[in-house]
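Student: Sequence plus the predicted model coming up.
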Amino acid sequence: MKQQRLQMVQKQLVDRGIADVRVLDALKTVPRHKFIPEPFRDVAYTDGPLPIGHNQTISQPYIVAFMTELLNIESHHTILEIGTGCGYQTAILSCLAKKIISVEVVPELSESSMNRLSSLGYKNIEVHCSDGSQGWEQNAPYQRIMVTASPKSIPEALLDQLDIDGRMIIPVGKSVFSQELKIVTKNKKGHIDIRPSLPVRFVPLVT
């Protein structure tokens, strides 16, 4: 599987413009096949999303890398992740930041991802079962926020919990066919700036 993982990084990420060495190293390291249900493990490193149960998916490797690179993570950051899913993106983030607070609304996914991450040795992660649209106020503010499911508009709670000089990456759209990745930043005066990135297709944010 390691050879498949390295090939994925080269052909799907490097050849398509992902250049952050720390992001590439994280995707070389995290065993994606261990986050995927057994029937799909043979195609764990192909260029596409895969089902993980409960009408949820694990994102395409390129999108994981693209969003992670956009987040511009530094090693001292605390990151809020909305939508733990199977925990793959969570594990990638944990390789890059000081602490990850991840929120998952589906109890079965929350429990299984927490157990999986722990068994694989990821120590700097907390997984909470809760409504992601409300963020996780107990540890706010966050220097970075990653959202891996699409709300129809950006939740106010997430804007409030974003730190000064913070950055959030979030897919937003009225339907699955009209989503766009947004780059949200907050300056020293608390002003919010929202810039569009690329069209995407994520599962809806369940609340």
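Tutor: Perfect, I can see it now. As the structure is a computational prediction, the values presented were derived from the model and not from experiment.
Student: what about the residue nearest to the spatial centre of the chain, which helix or strand?
Tutor: For the chain, the residue nearest the mean C-alpha position is Q89 (4.4 Å; Cα atoms, centre = their mean). Following DSSP states H and E, one finds Q89 within helix 88-94.
Student: Using PDB, list the CA coordinates for that helix.
Tutor: Listed next in PDB are the C-alpha coordinates belonging to helix 88-94 (Å, rounded to 0.1, in the frame of the first residue of the first chain):
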ATOM      1  CA  TYR A  88      -8.700  10.800   7.400                       C
ATOM      2  CA  GLN A  89      -8.600  14.500   7.000                       C
ATOM      3  CA  THR A  90      -8.300  14.800  10.800                       C
ATOM      4  CA  ALA A  91      -5.200  12.700  10.700                       C
ATOM      5  CA  ILE A  92      -3.700  14.800   8.000                       C
ATOM      6  CA  LEU A  93      -4.300  17.900  10.000                       C
ATOM      7  CA  SER A  94      -2.900  16.400  13.100                       C
END
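Student: Give me the mean pLDDT for it.
Tutor: The average pLDDT for helix 88-94 rounds to 98.
Student: Give me the buried positions along it.
Tutor: Using 16 or more other Cβ atoms under 10 Å as the burial criterion, the residues of helix 88-94 that qualify are Y88, Q89, T90, A91, I92, L93, S94. Every residue, glycine included, has its C-beta placed from N, CA and C.
Student: Mind giving me the packing neighbours of it?
Tutor: Counting contacts by 3 or more Cβ pairs under 8 Å, 6 or more residues apart in numbering; DSSP states H and E, the secondary-structure elements packed against helix 88-94 are helix 21-29, helix 61-71, strand 78-82, strand 99-104, helix 107-119, strand 125-129.
Student: got a list of contacts for it?
Tutor: Applying Cβ atoms under 8 Å, 6 or more residues apart in numbering, the contact partners of helix 88-94 are 23, 26-27, 30, 32, 35, 58-59, 64, 67-68, 73, 79, 81, 84, 100, 102, 113, 117, 120, 122, 124-125, 127, 146, 148.
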